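> Give the three-dimensional model of this entry:
(one chain, ligands or ions: 1)
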Amino acid sequence: MTKEGVKNNLNKKKHRLFKPKKKKSVQEDAAIQYLQAQYDKIVPVEIKSFKDLPLSQKTLKGLKENNFFTPTDIQKLAIGYALQGKDILGAAKTGSGKTLAFLVPILEILFCKKWTRMDGVGALVISPTRELAYQIYETLRKVGHLHDFSAGLIIGGQNLKFERKRMDQVNILICTPGRLLQHMDENPLFDCSQLQILVLDEADRCLDLGFEATMNAIIENLPPKRQTLLFSATQTKSVKDLARLSLSFPTYVAPHEQAATVTPESLQQSYIVCEVDEKVGILWSFIKNHLKQKVLVFMATCKQVKYTYDLFCKLRPGVSLLALYGTLHQEKREKIYQEFCRKSNVILFATDLASRGLDFPKVNWVIQYDCPENVDTYIHRAGRTARGVLGKGEGLLVLLPHEEKIIEDLNKNKIPINKISVDSSKVMSPQRKIESLLSDNTDLKQTAQRAFVSYLKSVYLMKNKDIFNIHLIDTDAYARSLGLIVPPRIRFLQKYNKTSIGKHEPDATNTDDAVEKLKAKASNDEGSDQSESENMNELAREVTKKTKTKKEIPKFDFHNDNEDSDEDGFLQVKKKNMHVDIPSVPIDGNRESKKNTKPLTKAAVAKKILKKKIKVNTMVKFTEDGEAIEDDKKDVKSDLAKQFVNENVGGIDIEKAKEVLREEDKFDKMRFREKVKAKHKEQKRKLKNKKDNEGEKDDFGSQSESDGPDLSWLPDPDKVYGANDDEDDNSSHSKEPNSFENTSEIYSSSESDQSERNEIYHRPTKRKLLVSKGIPQESIIPRKVKKIEDVSASLSVQEAEALAMQLLQSK
Ligand SMILES: Nc1ncnc2c1ncn2[C@@H]1O[C@H](COP(=O)(O)OP(=O)(O)OP(=O)(O)O)[C@@H](O)[C@H]1O
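Numbers count the residues shown, from 1 in each chain. Predicted coordinates for the structure are as follows:
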């Protein structure tokens with residue numbers, strides 16, 4: 001090839017490299033223009049598949065890859081309106097595919113705007129729970145992976161630093177409200193000034209009082225010019241909520257509004273009524289009878305979930321058990337969530353954390369073990385089964401007799417639910433086992449106690465007092481059913497009783513006689529030892545009897561009457577009452593006592609303390625027998641200190657305290673010197689005694705146990721028998737002179753600590769004494785040995801053997 005040819009070729013290549021890019025861009029522009037032109041022509045009823053919607057190839061391919069071919073009702077409607085740029089208020093049954101109804105428009109809108117990584121956050125999806133946010137993120141990843149957008153999951157419990165660094169590159173952000181606000185406040189890289197679409201999944205929950213402050217702060221930080229999409233199975237229509245989001249005329253998309261039921265048609269719903277103490281047995285029996293099923297059990301509180309899980313694990317039902325609740329560590333939450341998604345024969349105990357939005361595949365049963373707070377909660381909980389196009393499932397609601405009233409509400413809200421009865425002969429109550437487990441396991445017992453109190457508290461905090469009436473719960477029986485033989489104290493109730501019963505007594509005109517009578521009784525019993533749970537149980541039993549036919553039960557109005565009815569959803573109320581531990585809450589909102597309204601100042605508290613003659617900054621210690629120990633601070637010597645201690649003033653005068661310390665210091669030093677002197681004296685005395693004792697010991701041979709037997713006065717056998725007696729003996733011994741005088745020296749050389757003693761006690765003298773008593777110096781035993789030695793030495797080997805044989809035979 002000539003040079004020119006090569007040049008031409010390179011030019012061509014360059015040309016080609018550049019050309020397709022341009023072509024692609026042009027093609028894309030054309031495609032976008034075409035798509036956008038179709039938006040106004042969408043007719044939802046005519047849509048049979050996703051292909052009928054004006055969607056980009058990337059989105060269509062993503063949907064196809066994940067087996068989404070036919071859009072659901074809400075998708076048909078919402079995708080069209082969203083593409084047209086409208087704000088949407090979407091409401092559709094649980095499991096009807098709302099997630100794709102907002103994810104597809106997000107992908108398409110950003111695609112059509114040619115959004116790139118450099119453009120920052122273009123879409124924000126807010127979810128009330130971390131698990132739901134994660135689920136949405138996963139769906140987005142699956143469906144939108146062919147697009148060039150970057151997506152980020154921002155939820156609590158994750159590495160904030162990690163999230164922080166990547167924030168400026170994210171185009172689609174899926175988050176929980178708290179974490180989002182944290183980034184808005186703290187992360188300089190977070191910028192949502194270019195935001196195009198805001199989505200609130202489970203919008204009614206995001207906008208309720210629990211998230212009110214956080215959501216308001218978030219909304220303030222968002223650009224007002226944006227598209228807003230709200231989705232939920234129980235959508236908010238509160239004007240106030242919509243105004244908060246600057247939604248003046250959103251398009252209401254509710255494909256199932258005219259449906260006969262608000263719950264999925266393939267969901268079989270039933271309820272049972274039982275006493276509070278039968279619930280554990282029923283649940284246990286249910287699980288034992290459904291070992292090959294996937295069951296989700298909803299409970300009112302985290303502590304109940306924890307206890308039931310711990311307990312049932314110990315009882316070993318023969319199926320996998322899991323527990324999901326808010327106070328678990330995030331990593332564990334994720335693991336449990338995924339495990340429940342993966343497994344098919346498994347029981348998950350959960351709080352309402354899992355009630356909204358979570359798309360666990362193929363759940364067979366949803367058990368609402370505790371009565372749901374309201375109809376909406378019922379719908380969301382029950383909706384964890386029978387999901388998707390072909391999903392089927394069953395729901396079981398467990399109610400206490402007085403909670404049966406909720407059925408009226410469910411029926412009013414187009415929820416078909418049938419009453420079924422429990423065959424009591426088939427209920428296997430593990431009561432005894434539970435009791436024995438708790439008696440062995442203090443931790444489990446404490447968990448049970450917490451579960452007990454937390455359940456009662458949750459009932460107490462419920463808004464609807466027609467359904468949730470703590471006075472109608474037999475707390476003793478409930479405690480027993482949890483394995484607690486002694487019912488735990490219910491402090492919040494105790495305090496409540498003291499305030500409420502006393503106040504209610506005089507003007508109880510429109511309350512039941514029985515209730516009043518029992519309240520009066522309870523108030524009389526207040527001073528007695530009877531626990532409040534006993535009082536309440538008595539009240540509960542009688543009231544239950546009397547009110548089976550009557551509807552009027554004394555109500556507790558915890559709230560202001562002038563609140564907007566749309567916005568006082570239960571969760572709002574629940575949060576408001578989260579701090580009612582000290583029940584200064586009046587029975588009647590209008591009858592607040594003056595005492596409560598008067599602000600308590602520090603001066604007032606100080607006055608109170610002075611009146612009660614409580615000495616501040618004083619401490620009294622007691623012995624185990626309960627006797628007061630004299631305060632050692634009072635054991636002072638100096639006059640100044642004595643005066644200081646006796647002065648009855650609160651607080652500390654630092655200068656005076658310093659002076660007192662200096663004075664006391666002098667006495668302390670004196671005391672210390674005296675102590676040292678006394679110690680030295682004692683040591684000297686002990687040494688002297690020891691010397692005297694040891695002198696005696698030497699004379700009489702008595703020894704202390706610790707010293708061990710002193711054998712130093714005995715003669716050295718080597719010296720006595722001579723070195724020749726033992727041929728194996730150390731050669732040094734053989735060299736030692738065979739005299740008593742020298743034995744002590746030999747011992748002293750081997751045992752250094754005894755050398756002193758030998759010097760002091762003059763053992764050689766002692767041995768001389770023995771000699772002087774007439775014992776011959778050549779002792780008896782050595783002589784005998786010598787005799788034998790002499791005989792054997794004179795014999796030949798054969799003679800010696802013969803002699804030995806003779807000796808043996810004679811023995
Ligand atoms: N077009 C579709 N075709 C087939 N399956 C679909 C379609 N859209 C969604 N699904 C499936 O339906 C199930 C429920 O979807 P999704 O979680 O979006 O429901 P939801 O309406 O958000 O429910 P919830 O109200 O409980 O939040 C999911 O498993 C999803 O994969």
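> Near the ligand, which residues of this structure? Just list them.
68, 70-72, 75, 92, 94-100, 233, 357, 359, 383, 387-389 (C-beta under 6 Å from any ligand atom). No exception for glycine: its C-beta is placed from N, CA and C like everyone else's.
> Buried ones from those, can you make that a ChimeraX selection?
Buried residues within those, by 16 or more other C-beta atoms under 10 Å, are selected in ChimeraX with:
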select :68,71,72,75,92,94,95,96,97,98,99,100,233,357,359,383,387
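> Looking at the residues of the chain next to the ligand, which are in helices?
75, 98-100 (DSSP state H).
> pLDDT and distance to residue 338 added to those, as TSV?
Below are these laid out as TSV (pLDDT from 0 to 100; distance: C-beta to C-beta, whole Å):
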residue	pLDDT	distance to residue 338
75	97	26
98	97	22
99	98	18
100	98	21
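> Would you mind pulling up the elements that the longest helix along the chain packs against?
Counting residues, the longest helix found in the chain (DSSP H) is helix 654-700. Counting contacts by 3 or more C-beta pairs under 8 Å, 6 or more residues apart in numbering; DSSP states H and E, helix 654-700 packs against helix 639-646, helix 752-761.
> Worst mean pLDDT among these?
Among the helices and strands packed on helix 654-700, helix 752-761 carries the lowest mean pLDDT, a mean of 38.
> where does the stretch 701-811 of the chain dip in pLDDT?
Scanning the stretch 701-811 of the chain for pLDDT under 70 picks out 701-797, 800, 807-811.
> now the chain
Ranges of the chain meeting pLDDT under 70: 1-24, 498-600, 613-619, 624-626, 630-635, 645-652, 693-797, 800, 807-811.
> mind giving me the domain ranges of it?
Domain ranges of the chain: 30-253, 267-436, 507-521+538-547, 705-810, per automatic domain parsing.
> Reformat those as TSV; add distance to residue 656.
Listed next are the domains of the chain as TSV, based on distance: least, C-beta to C-beta, whole Å:
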stretch	distance to residue 656
domain 30-253	48
domain 267-436	50
domain 507-521+538-547	56
domain 705-810	54
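> Assign residue 243 to helix, strand or coil.
Secondary structure assignment for residue 243 (DSSP: H, G, I helix; E, B strand; the rest coil): helix.
> Mind jotting down where the helices sit in the stretch 301-450 of the chain?
Assigned by DSSP state H, counting those that start in this stretch, the stretch 301-450 of the chain shows helices spanning 302-315, 330-342, 375-382, 406-412, 431-440, 442-461.
> in the shortest one, what's buried?
Of the residues in helix 406-412, those with enough neighbours to count as buried (16+ other C-beta under 10 Å) are 406-407, 410.
> what's in contact with it?
Contacts of helix 406-412 with the rest of the structure, by C-beta atoms under 8 Å, 6 or more residues apart in numbering, involve 271, 371-372, 374-375, 378, 399, 417, 419, 467.
> 7 Å - rerun?
Here helix 406-412 makes contact (C-beta atoms under 7 Å, 6 or more residues apart in numbering) with 271, 371, 375, 378, 399, 417, 467.
> Now rank those residues by neighbours and give me the top one.
Neighbour counts for the contacts of helix 406-412, by other C-beta atoms under 10 Å, peak at residue 378, which reaches 27 neighbours.
> can you tell me how far the closest residue to it other than its chain neighbours sits from residue 171?
Computed as C-beta to C-beta, 6 or more residues apart in numbering, the closest residue to residue 378 that is not its neighbour in sequence is residue 372, at 4.2 Å. Residue 372 sits 38 Å away from residue 171, going by C-beta to C-beta, to the nearest Å.
> So which residues of the stretch 101-250 of the chain form helices?
Along the stretch 101-250 of the chain, counting by DSSP H, counting those that start in this stretch, helices occupy 130-144, 160-166, 177-186, 203-206, 212-221, 239-244.
> Reformat those as a markdown table; add mean neighbour count.
Converted to a markdown table, the helices of the stretch 101-250 of the chain look like this (neighbours: other C-beta atoms under 10 Å):
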| stretch | mean neighbour count |
| --- | --- |
| helix 130-144 | 21 |
| helix 160-166 | 13 |
| helix 177-186 | 17 |
| helix 203-206 | 25 |
| helix 212-221 | 15 |
| helix 239-244 | 16 |
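> picking up where we left off before, please identify the most buried of the helices of the stretch 301-450 of the chain.
By mean neighbour count, with neighbours taken as mean count of other C-beta atoms under 10 Å, helix 375-382 ranks first of the helices of the stretch 301-450 of the chain at a mean of 24.
> Kindly export it (C-alpha atoms) in CSV.
Output of helix 375-382 as CSV, limited to C-alpha atoms (Å, rounded to 0.1, in the frame of the first residue of the first chain):
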residue,chain,number,x,y,z
VAL,A,375,-58.0,-0.7,58.5
ASP,A,376,-55.0,0.6,56.5
THR,A,377,-52.5,-1.4,58.6
TYR,A,378,-54.7,-4.5,58.1
ILE,A,379,-54.6,-4.0,54.3
HIS,A,380,-50.9,-3.6,54.1
ARG,A,381,-50.2,-6.5,56.4
ALA,A,382,-52.6,-8.9,54.6
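> got a list of contacts for that helix?
Helix 375-382 is touched from outside by 94, 233-234, 262-263, 267, 269, 298, 352, 355-356, 366, 368, 372, 395, 409-410, 413, 415, with contacts defined as C-beta under 7 Å, 6+ apart.
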